[in-house]
Structures are given as structure tokens and as C-alpha cells.
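**Student:** need the 3D shape of this:
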Amino acid sequence: MLTEVMTKLAAGDTLDHYRVDAEIARSGMSTLFRATDLRTGRPVALKVPHPEMEADPILIERFRREEAIGQEIDHPGVVKTFDGEERSRRYMVIEWVDGRLLRAILNEQRKLAVDRAVALTIAICDALDNLHKHGVVHRDLKPENIMVCEGDRIKIIDFGIALKEDARRITQVGLTPALGTPDYISPEQVMGKHGDQRSDVYALGAMLYEMLTGQPPFTGPSPLAVMNERLLTDPAPARELNPEIPAAVEEILFRAMARDPRHRYATASDMAWELEHQELVGLDSGQHGPVRLGRLQISGRKLALYAGLALVPLALFVVMLLMARH
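**Tutor:** Prediction:
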């Protein structure tokens, strides 16, 4: 009962030397509050885990890892977390970012001008490359995890399921490492693999596709159908949905979202370089359009086989999502 009372923070309450100003967001694992540091007067965000999360060693390890990543990475495009103080309970202190979620912007505008979408993607690439050089794979890049600040500066947020190369692996019976969000998750994560920095590149390609066309690359009646589509088909050519997209940018999209990770950009900086030097991006002049790297020509029999194989990890993924929600 005590822990239940402790989690019910409201505006005006004090947690150590932080005054809670407002509840910002609530997820299945924690609640995010806007607060004020009473020592300095600066605004901060407090991420407070729910009581059931504190009883789960797997979830607490992820919470600690997220906090450690935010303390280690020093990049203007990555949200910081603060350390160095004793606390009366478990919670995370995060820098307050004045801006709007990319998701909110896309909900309003549906799609962005090509130049703006490319500029935002290059900025995300820069922050992502820094993360990868520190051995961190985000694994859940999506518009909901990108803050857009004044001047279109960006912040990558929420490292709740990030993977760090030098950290011990955390597993749980009944769960699969295929984490992420159905609209942006890479094919290898759908198939149950942990994923690496090329998985983040895939997610970023999917985000750029949505910024340019107004829709995610794959759609379907359920998360299962969406994930299954990326294993078996290619997204609709972006220029068919938005003729203003340059052919070189469409080629970059195909390379970023190649089904086989070996055919994607090896690093986020490689993707950024081509976005900055579109005139040097090679096109297949014989086809009068971009080369579709990683495209599969699949017979009907093989298609059925691949679909059957895909259902196993997909079913596990759905079970994992349902368990997370509860």
C-alpha cells in the first residue's frame, strides 16, 4: 500500500528536492512528470517506475541501463540523464527538452517538405552515429521518440529497450528479443534477433519514408500483418506517393530499408553522407529509377513457406506486446 501511495504524485508534490509541476505521460512501466529542481530552479523531467516494475528485476535492469546511457552519452542530439545524488526512491532525472514530438508534427502536417524531412534525418543520423560509436543500439526509433526543438534541432529520447554492447544480456522466459514498434521494426528483429546499428538505420529509413509520403512504409489491419508485410514485400515506391521526392532520395530509402541488413548502410553516417550528396547517389539508368537493393523474387510456394516461418516469431512478438501492456 505504501508504494501505491508513493507513486501517486501530483502537481505541487515534492520528491526529494524536486517539485512536481505536471504529469506529462504514462506508460505501462512508468510515469513521466515535469518538475522543477528547487536548488537551481531549472526544469527537469522525472521518470518514476510503477510499483510492479520495481518488483521485476528484468525491467529494473532496463531502467538502470536507460539511465546509464543518458549519463554516458554527451551529444546535443541525445537526451541527458543526471546522476550524483542520493534519492529517497527509484526514479530518473532527465533534462527537460522544450520542443514537440515528431509524431505530433506528423499528425498535424501528415507529411513534411522534402528539404525539411531530409534535414531532420541528417540530424538524427548524426546523433545516431554517436550512439553507435558508444556501442548503443536504440532498437525503438520512431517519431514518438524524436523531439524536434527550435530551429529543427532534434533529441533522441527513450532508451528503455536500448542494447549496449558491453552490458550483460537480459532475458526472460516467454519473451523474445524482437523488440520495437511494428511500423518501424527491422525484419531481423521481427525474426527474433536482437538487431544491431543497421536495425536503427532501417527504422530511420522507415521514419524518413513516413515524413516524405505521409504514411508508414507498411500498413495492415493488425501489428502482425504489418510485420509480416516487411518480411515478404517491398514498400510502395515513395515517388508514387509523392512525386516531389527526388529519385536519389528514393534510392536512399530503398538502401536504408533493404530487407537484408548486409545491403543497408553500414552506419548512420553513411546514410547522412548520401543525403548530403544526393548528386553522387548512383541510379540504375536502365530501369530509369532507383536500384532496389535486397528485393526478393519469391515464387508462390516459397512465399507460403516464408510466411509460415514468419508466423512463429511474429506470434511470440504479439504475446510479448500483450504481456508488456499488462
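
**Student:** for the helix or strand containing E210, C-alpha coordinates in PDB please.
**Tutor:** Element membership of E210, judged by DSSP states H and E, is helix 197-213. C-alpha atoms of helix 197-213 as PDB (Å, rounded to 0.1, in the frame of the first residue of the first chain):
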ATOM      1  CA  GLN A 197      23.100  -0.500 -35.700                       C
ATOM      2  CA  ARG A 198      21.700  -1.500 -39.100                       C
ATOM      3  CA  SER A 199      18.400  -2.100 -37.400                       C
ATOM      4  CA  ASP A 200      18.400   1.500 -36.300                       C
ATOM      5  CA  VAL A 201      19.200   2.500 -39.900                       C
ATOM      6  CA  TYR A 202      16.200   0.600 -41.100                       C
ATOM      7  CA  ALA A 203      13.900   2.300 -38.600                       C
ATOM      8  CA  LEU A 204      15.300   5.700 -39.600                       C
ATOM      9  CA  GLY A 205      14.600   4.900 -43.200                       C
ATOM     10  CA  ALA A 206      11.000   4.000 -42.300                       C
ATOM     11  CA  MET A 207      10.700   7.300 -40.500                       C
ATOM     12  CA  LEU A 208      12.000   9.200 -43.500                       C
ATOM     13  CA  TYR A 209       9.600   7.400 -45.700                       C
ATOM     14  CA  GLU A 210       6.700   8.500 -43.500                       C
ATOM     15  CA  MET A 211       7.900  12.100 -43.300                       C
ATOM     16  CA  LEU A 212       8.000  12.200 -47.100                       C
ATOM     17  CA  THR A 213       4.900  10.300 -48.000                       C
END
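
**Student:** avg pLDDT for it?
**Tutor:** For helix 197-213, mean pLDDT rounds to 97.

**Student:** I'd like to know which elements it is packed against.
**Tutor:** Applying 3 or more CB pairs under 8 Å, 6 or more residues apart in numbering; DSSP states H and E, one finds that helix 197-213 makes contact with helix 102-109, helix 114-133, strand 136-137, helix 187-190, helix 238-241, helix 247-256, helix 268-276. Where C-beta positions appear, they are placed from N, C-alpha and C, glycine not excepted.
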